[in-house]
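> Structure of the sequence below:
(2 chains)
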Amino acid sequence: MRRLELRHVRKAFGGLDVLADISLSVGAGEFVSILGPSGAGKSTLFQLLTGAQHGEGEMFFDGTPLDDHGRHFAFMPQRDALMPWRRILDNTTLGLEVQGIRRKAARARVAPLFAEFGLAGFERHFPAQLSGGMRQRAALLRTVVQERDMLLLDEPFGALDALTRTAMQRWLEQMWRHHRWTALLITHDVREAVFLSDRIYVLSARPACIVREIKVPLPRPRSLGRADALQTSTIEAEILDILLNPEPNPHSSKGHDHD
Amino acid sequence: MPVASSSVASRPIASLLVKAAPAIIAVGLMLLAWELYATYSGIKPTTLPAPSRVFEQAMLNREALVDNAIPTIRATLIGFAFSLSAAFALSMLVDFFRPLRRALFPVFIVSQTLPLVAIAPLVVLWFGFGLVPKIMLVALVTFFPMLVALVQGYEATEAEIGQMLRAMGAGRWRVFMLARLPSALPYFFAGLRISITYAVVGAIFAEYAGAAKGLGIYMLNAKNNFRPDLVLAAVGVSAALTLILFGLTVLLQRLAMPWERAAGQQPAGTGPWR
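Below you'll find the model as predicted:
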């Protein structure tokens, strides 16, 4: 069942095409990634979905056109965006508070999840007292407790060191198997996309269009190396080849020869 | 590791003394040099009194000094309260209606270029010898730094926090209360520390231009009576006043921003789950 569907979405900023032609869909309980070079306009796509920006084209959720309020989505920004002045517990309840849920009720809803997110005992800490990985898990907790229809993850591990990032990817894959969130992930990390996703949309450089849709048939739970190493590296090589040897962009010749 | 710094926290006075030691030694050395010069150079006490004489006279005239310090403190605090409320209200207005900023900021900047020496007598001429002109002058010198600090503080809000809150469905008011206002706190306190020192100077200046009572008029009278020792005693009182107010703002900041001190502690978490 298709939940999110985008048809020929375009977006330009002051005459500069950022998104040229984006059509994609995300099914219920599916983990989909959008993979593209830096500055390709991946984050712009999320801004369109959450209503922070307006573009052309059609966007549907469960068959109905999207309105501005982004009420279907729980959004996790690139950096953790934890509020330094709120304790971890109060950071994770933020979305619920904005929804109008009383602080006490919100805390009661979040508290049981701290153990699963590896944050038990840190409820009363301030974000500055936590490591990067813990902060990201707190940010993800804040995102999922909003109980929206779909998660939008914008390069959630981009700011972490390599080892922590790998640990977080394994952890997220495991969490996803438990909860089967419908999720759309933005990343420029090929291995991350292949490791986490059911499907991957590969984006061209700006103005961005989708150059390839790749299914990842690897069995879950995903493992690092071992059994599926060959298949994994074949898919990774295919994606890298698309990204590093791009075919001429059909949209880039549209009157922007000064660029 | 909830309390990593317990050994320091248990002896706050000792750690404070260690931190303050260089300043205390520097001031002590300066006073000593001054004392030696005033004693052995043969300079007249009516020109440059020794610190010991200033202190002695301050003790002898302590009732008059306290009596004159009270109106100064009152003018400082009331004026500062006024300017703080005005700066806060206006900063919010400017934050919600951006064009206002361009309209009003030039006016405020001009207000900061007015020389206090010229303005103080005029304000006294217009509003008399009472409390009003003092409050106005204190407000004039402290308002702008506070306004700039607040407006800058709102601007310093992390863009991603704002974007996230809007995606959560928060309106402008919620975003302001949940993100912009707390983000401005460090800037607010930086502005507060600067402004509070201006405030005392502003009040004394206003009294200097004309007042029934106050440290400013006390200094003027002492000078006219060829009593530099009493002028310096009053200066000492105003300096002490400023230091106390400054210390209060630091204390207030600690209470209002407990996460700042937490940030100094080591991040938690080890192993592959960092």
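
> Hmm, residue A:109 is touching residue A:96, no?
Yes: using CB atoms under 8 Å, residue A:109 makes contact with residue A:96 at a distance of 6.6 Å. C-beta here means a position set from N, CA and C on the backbone, and glycine is covered the same way.

> The two: which is more packed in?
A count of neighbours by other CB atoms under 10 Å in any protein chain shown puts residue A:96 above the other of residue A:109 and residue A:96, at 21 against 15.

> What's the separation between the closest residue to the more buried one other than its chain neighbours and residue A:100?
Nearest residue to residue A:96 in three dimensions, chain neighbours excluded: residue A:106, at 3.8 Å (CB to CB, 6 or more residues apart in numbering or on different chains). Distance, residue A:106 to residue A:100, by CB to CB, to the nearest Å: 10 Å.

> quick one, which of those two is more surrounded?
Between residue A:106 and residue A:100, counted using other CB under 10 Å, the more crowded position is residue A:106 (22 against 8).

> so which strand or helix has residue A:212?
Here residue A:212, judged by DSSP states H and E, is contained in strand A:208-215.

> Tell me which residues of the top helix by length along chain B come out buried.
When chain B is parsed with DSSP state H, its longest helix is helix B:62-96. By 16 or more other CB atoms under 10 Å in any protein chain shown, the buried positions in helix B:62-96 come out as B:64-65, B:68-69, B:71-73, B:75-80, B:82-84, B:87, B:90-92, B:94-95.

> roughly how far out does it sit from the chain middle?
With CA atoms, centre = their mean, to the nearest Å as the basis, helix B:62-96 stands 10 Å off its chain's centre.

> so is residue B:245 in a helix, a strand, or just coil?
helix (DSSP: H, G, I helix; E, B strand; the rest coil).

> Tell me which helix or strand residue B:16 sits in.
Assigned by DSSP H and E, residue B:16 belongs to helix B:12-40.

> Ends of stretch A:74-91, what's the gap?
Using CA to CA, to the nearest Å, one end of stretch A:74-91 lies 14 Å from the other.

> can that stretch be found next to chain B?
Yes: Stretch A:74-91 is in contact with chain B by CB under 8 Å from any CB of the partner chain, via A:74, A:75, A:76, A:77, A:78, A:79, A:81, A:83, A:84, A:85.

> Look at the fifth one and report its pLDDT.
Same thing as residue A:78. As summarised for this prediction, residue A:78 has a pLDDT of 84.

> How about the contacts made by it?
By CB atoms under 8 Å, 6 or more residues apart in numbering or on different chains, the residues touching residue A:78 are A:43, A:154, A:155, A:156, A:158, A:159, B:160.

> For the fourth one, which three-state class applies?
What that stands for is residue A:156. With three-state DSSP as the basis, residue A:156 sits in coil.

> can you give me the strands for chain A?
A:2-13, A:16-27, A:31-35, A:56-61, A:64-65, A:73-76, A:150-154, A:183-187, A:199-203, A:208-215 (DSSP state E).

> Buried residues, the second one. List them.
Put plainly, it is strand A:16-27. Under 16+ other CB under 10 Å, the buried positions of strand A:16-27 are A:17, A:18, A:19, A:20, A:21, A:22, A:24, A:25, A:26.

> just checking, what packs against that strand?
strand A:2-13, strand A:31-35, helix A:42-49, strand A:208-215 (3 or more CB pairs under 8 Å, 6 or more residues apart in numbering or on different chains; DSSP states H and E).

> before we move on, which element is residue B:229 in?
Residue-wise, residue B:229 maps onto helix B:228-256 under DSSP H and E.

> At the geometric centre of chain B, which residue sits there?
Centroid check for chain B by CA atoms, centre = their mean gives residue B:196 as the closest residue, at 1.7 Å.

> quick one: whatever helix or strand it lives in to chain centroid distance?
In the assignment (DSSP H and E), residue B:196 maps to helix B:185-208. For helix B:185-208, the separation from the chain centroid amounts to 4 Å (computed by CA atoms, centre = their mean).

> do the same with stretch A:9-19
With CA atoms, centre = their mean as the basis, the mean position of stretch A:9-19 lies at 21 Å from the chain mean.

> List the contacts of that stretch.
A:20-23, A:41, A:44-45, A:48, A:53, A:55-59, A:206-209, A:251, A:254, A:256, A:259.

> Within range of chain B, give me the residues from the stretch 51-200 of chain A.
Residues of the stretch 51-200 of chain A lying close to chain B by CB under 8 Å from any CB are A:51-52, A:69-71, A:73-79, A:81, A:83-85, A:94-95, A:97-99, A:118, A:122, A:124-134, A:146, A:152, A:163-164, A:167, A:171.

> Sitting in helices, which of these do you find?
Using DSSP H, those in helices are A:94, A:95, A:97, A:98, A:132, A:133, A:134, A:163, A:164, A:167, A:171.

> Mind giving me the ChimeraX select for those residues, buried ones only?
Selecting only the buried entries of those in ChimeraX, with 16+ other CB under 10 Å as the criterion:
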select /A:94,95,97,98,132,133,134,164,167,171
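
> what does the next helix or strand after the helix holding residue B:196 contact?
Sequence order places helix B:215-224 as the next helix or strand after helix B:185-208, per DSSP H and E. Under the contact criterion CB under 8 Å, 6+ apart, helix B:215-224 has outside partners B:64-65, B:68-69, B:72, B:203-211, B:228, B:230-231, B:234-235, B:237-238.

> Stretch A:44-62 now?
By CB under 8 Å, 6+ apart, the list of residues contacting stretch A:44-62 reads A:3-11, A:18-19, A:22, A:34, A:65-70, A:72-73, A:75, A:149-150, A:152, A:154, A:186, B:163, B:166-167.

> again, but for stretch B:242-253
With CB under 8 Å, 6+ apart as the test, stretch B:242-253 has contacts from B:76, B:189, B:192, B:193, B:196, B:197, B:199, B:200, B:201, B:260.

> switch to 10 Å and redo it
With contact meaning CB atoms under 10 Å, 6 or more residues apart in numbering or on different chains, stretch B:242-253 is reached by B:73, B:76-77, B:80, B:185-186, B:188-201, B:204, B:260.

> of those, list those near chain A.
Applying CB under 10 Å from any CB of the partner chain to the contacts of stretch B:242-253, one finds that B:185, B:186, B:260 fall near chain A.

> Right, and chain B sits closest to which residue of the stretch 101-250 of chain A?
Using CB to the nearest CB, the single residue of the stretch 101-250 of chain A nearest to chain B is residue A:128, 3.6 Å away.

> for the nearest residue to that residue once chain neighbours are set aside, what are its contacts?
The shortest distance from residue A:128 to any non-neighbouring residue, by CB to CB, 6+ apart, is to residue B:263 (3.6 Å). Neighbouring residues of residue B:263 by CB under 10 Å, 6+ apart: A:84, A:126, A:127, A:128, A:129, B:257.

> mind running it again at 8 Å?
Residue B:263 neighbours (CB under 8 Å, 6+ apart): A:84, A:126, A:128, A:129.

> now residue A:211
Going by CB under 8 Å, 6+ apart, residue A:211 touches A:202, A:203, A:204, A:242, A:246, A:247.

> From the residues you listed, list just the buried residues.
Of the contacts of residue A:211, these count as buried by 16+ other CB under 10 Å: A:202, A:203, A:204, A:242.
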